[in-house]
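Q: After the sequence you'll find the predicted model.
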Amino acid sequence: MDLFLQNIVNGLQWGSFYALIALGYSMVYSILMLFNFAHGDVFMVGSYIGFGVATALLGLAAATGLPIPGWLILVLTILFSMFLTSFVGMFIERVGYRPLREAPRASAAITGLMIGIILETGNLAILGARRLSFPQLIESTTYQLGGVFVTNKKILIVAVSLGLMYLLHRFIQKSKWGMAMRAMSFDFQAVPLMGISINRIAPLTFAIGSSLAAAAGILYGLAYPVLDPYMGILLGWKAFVAAILGGRGSILGAALAGFLLGFIEIFVAWIFPSTLRDVIAYSIILLILTFRPHGFFGQAHSTQLRL
Amino acid sequence: MALLQVDNMTHYFGGLRAVHDYSLVLEPGHIVGLIGPNGAGKTTIFNLISGIHTPSEGNIELDGKNLIGHHPHEIAAMGLGRTFQNLLLWRHMTVLEHVKMACYSQLEYSVWGAFFGSPLCRREEKRITAKAMHLLETFDVAGFSTQLAVSLPYGAQRRVEMARAMATNPRVLFLDEPTAGMTPDELNRMINIIRKIHADFEVAILLIEHRLKFVMELCERIQTLVFGEVIAEGSPEEIRNNPDVIEAYLGREDIH
């Protein structure tokens, strides 16, 4: 029983990363009807930006001798990095996707793959092949609740993820931009006739998705502090699976499926040898998709959707 | 000067000439009808003026400002509202949200305010909600405000779409077959509503319609379009007695 609860806790943390990244895939899909395959690499870039910001802040604290506590540096790192990474997303939209709006879908899809390769190899060229170690901003403390071990980092990761998801949910449901995004996800023609430009909504969507990926990148760096230029590939693909499993374009679905993916992986690794983890975990997901081809919250889209 | 003026507009889809030498003068507060058989190019004319397509030739001016080459969202902001033949409503959005969505361009608050719920954001949302509810009352759909728009009866969906178009504060309103699929009861209601918005909002209307009774009753002037060309233009009386129109349009109508 304790082991079961322990795995629930681990699954929550692991699923947080998938959920945060999957949201970016889903948001872009819901308005542009295409998946931004560079999104996993945006997660990587976000993690590196987080590394840079954290290092700079630590350096600043050391240079000025100010006793800035670690948690404050962490908060500032998350906020700054989300802000900076949002520009990466807007840049990708502007140079990668906007010129190809009228192009066939396949061209727009490979744009993402190419941008991903550029980000990976660009990073490799600039920073070299060495792996970076994410600075440990907060002391790790372990709490024991019954037989379950919970670290303060795990609590932080899950809490920050859920908090960001809540903010996003409110934004999507209640604000004018969120409403425009939702409207765009169902129909493209009528939205501009309300005086709303796709060229304002699309960059905003990329910006929000990218800043969530950056948050995931930093939280990931806290838990697994080794950064390398290809860290976003596998994680990005798995988050993409979560976005599909949740139902294309569904925000709630992406978040839930991200956590589900985390649970499945953790529980499979608990029962079976860990080398078989992904083989079994993704066979299960394949099976789920066989019975629910549209995912959990997927809708058949209107065929009028065109850019 | 005319509010909306279209001069010699021609449009080709590939080699197909969809609209030929179309001209229109729409004065403030007037209602003009556009009739013609299926495939005559009526909806294409709407799409050309509202910026969905750019005409191959010709000139379009709204209140003296050239519309050619502007994006649909810019033309909408300049004061042109429209509805669609096949109802472009957003599934999974409520009636109220549809109309609030259309008030979007009049809302002023920042992205940050939206994330954290600033006082300005709340105030603006409240103002827009009140405006939207008022419009819903005008169109007799206030009772449905919290329901999904697509779950409404067909006639009510049409009225939601019109309320949405009016929420952008247009000076010119394009209605694409507002009575398609309506029962006679709903039809009469629609006539009253169009009269009411015409009077209350002082909006000029261009109307595509199949039901001649409806067009004859509402419009001061009617254009008849066949194969992308205007073959007759005049008052309802003149159109009714025009032999070309009777042959091309009314003749067919009688067969049904």
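A: In hand now; what should we look at? Numbering: from 1, shown residues only, chains lettered A, B, ... in the order given.
Q: Next, give phi and psi for B:Met182.
A: phi -100, psi 150 (degrees, to the nearest 10).
Q: Name the nearest residue to it, ignoring sequence neighbours.
A: Counting by Cβ to Cβ, 6 or more residues apart in numbering or on different chains, B:Gly155 is the residue found nearest to B:Met182 once chain neighbours are left out, at 5.3 Å. C-beta coordinates here come from the backbone N, C-alpha and C atoms, glycine included.
Q: neighbours around the one you found, how many?
A: 20 (other Cβ atoms under 10 Å in any protein chain shown).
Q: didn't it look like it was pressed against B:Pro184?
A: No: the criterion here is Cβ atoms under 8 Å, and B:Gly155 misses it with B:Pro184 at 10.9 Å.
Q: what sits against the residue nearest to B:Met182?
A: B:182-183, B:186, B:189-190 (Cβ atoms under 8 Å, 6 or more residues apart in numbering or on different chains).
Q: same deal with A:Ser107?
A: A:Ser107 neighbours (Cβ under 8 Å, 6+ apart): A:Leu100.
Q: Check the residue in the stretch 1-150 of chain A positioned nearest to chain B and give its pLDDT.
A: For the stretch 1-150 of chain A, the residue closest to chain B is A:Ser86, as judged by Cβ to the nearest Cβ, at 10.2 Å. On the pLDDT scale, A:Ser86 is placed at 96.
Q: Check the one 5 residues further on too.
A: You'll see A:Phe91 listed with a pLDDT of 96.
Q: And for the one 10 residues further on?
A: pLDDT, the model's per-residue confidence, is 82 for A:Arg101.
Q: Tell me where chain A has strands.
A: For chain A, applying DSSP state E gives strands covering A:132-133, A:142-145, A:148-151, A:226-227.
Q: tell me the mean pLDDT for the third one?
A: Okay, so that is strand A:148-151. Averaging pLDDT along strand A:148-151 yields 90.
Q: Which positions within that strand qualify as buried?
A: By neighbour count on 16 or more other Cβ atoms under 10 Å in any protein chain shown, the buried set for strand A:148-151 is A:148, A:150-151.
Q: Flag every buried residue along the helix ranked longest in chain A.
A: Under DSSP state H, the helix in chain A containing the largest number of residues is helix A:2-32. Judged by neighbour count using 16+ other Cβ under 10 Å, the buried positions of helix A:2-32 are A:6-7, A:9-32.
Q: Now do the residue lying closest to A:Leu113 once chain neighbours are set aside: how many residues are near it, please.
A: Counting by Cβ to Cβ, 6+ apart, the nearest residue to A:Leu113 once its immediate chain neighbours are dropped is A:Phe37, at 5.0 Å. Per other Cβ under 10 Å, the neighbour tally for A:Phe37 reads 20.
Q: before we move on, what about B:Ala18?
A: 22.
Q: what's near enough to touch it?
A: Taking Cβ under 8 Å, 6+ apart as the test, what B:Ala18 contacts is B:11-12, B:41, B:44, B:228.
Q: Make sure it is indeed in a strand.
A: Yes: under DSSP: H, G, I helix; E, B strand; the rest coil, B:Ala18 sits within a strand.
Q: of the buried residues of strand A:148-151, closest to B:His198?
A: Nearest to B:His198 among the buried residues of strand A:148-151: A:Val150, at 66.5 Å, using Cβ to Cβ.
Q: And that closest one, how far from B:Gly181?
A: Going from A:Val150 to B:Gly181 by Cβ to Cβ, to the nearest Å gives 60 Å.
Q: Same check on B:Ala102?
A: 23 Å.
Q: So which of these two has more stuff around it?
A: Comparing B:Ala102 with B:Gly181 by other Cβ under 10 Å, the one with more neighbours is B:Ala102, at 30 against 11.
Q: near chain A, which residues of chain B?
A: Contact residues, chain B versus chain A (Cβ under 8 Å from any Cβ of the partner chain): B:50-52, B:71-74, B:76-77, B:81-82, B:84, B:88-93, B:97, B:100-102, B:104-105, B:107, B:109, B:111, B:114-117, B:121, B:125, B:164-165, B:167-168.
Q: Out of these, list just those in strands.
A: Short answer: these in strands (DSSP E) are B:81-82.
Q: what's the worst-scoring helix or strand of chain A on mean pLDDT in contact with?
A: Using mean pLDDT, DSSP states H and E, helix A:176-186 stands out as the lowest-scoring helix or strand of chain A, at a mean of 84. Contacts with helix A:176-186, where a contact means Cβ under 8 Å, 6+ apart, come from A:27, A:30-31, A:171-172, A:190-191, A:194, A:196, A:198, A:201, A:204-205, A:249, A:301-302, B:90-93, B:97, B:100-101, B:104, B:107, B:109, B:111, B:114.
Q: Likewise for stretch B:206-214?
A: B:4, B:24, B:26, B:31-35, B:42-43, B:46, B:85, B:172-180, B:187, B:190-191, B:194, B:215, B:218-219, B:250, B:253.
Q: Spell out the secondary structure type for the residue nearest to B:Thr94 when sequence neighbours are not counted.
A: With Cβ to Cβ, 6+ apart as the criterion, B:Thr94 has its nearest non-adjacent residue at 5.5 Å, and that residue is B:Thr146. Look at B:Thr146: counting by three-state DSSP, its state is coil.
Q: Look up how far B:Leu96 lies from B:Thr146.
A: Distance from B:Thr146 to B:Leu96, by Cβ to Cβ: 7 Å.
Q: Which of the two has more residues huddled nearby?
A: Between B:Thr146 and B:Leu96, counting by other Cβ under 10 Å, B:Leu96 is the more crowded of the two (23 against 9).
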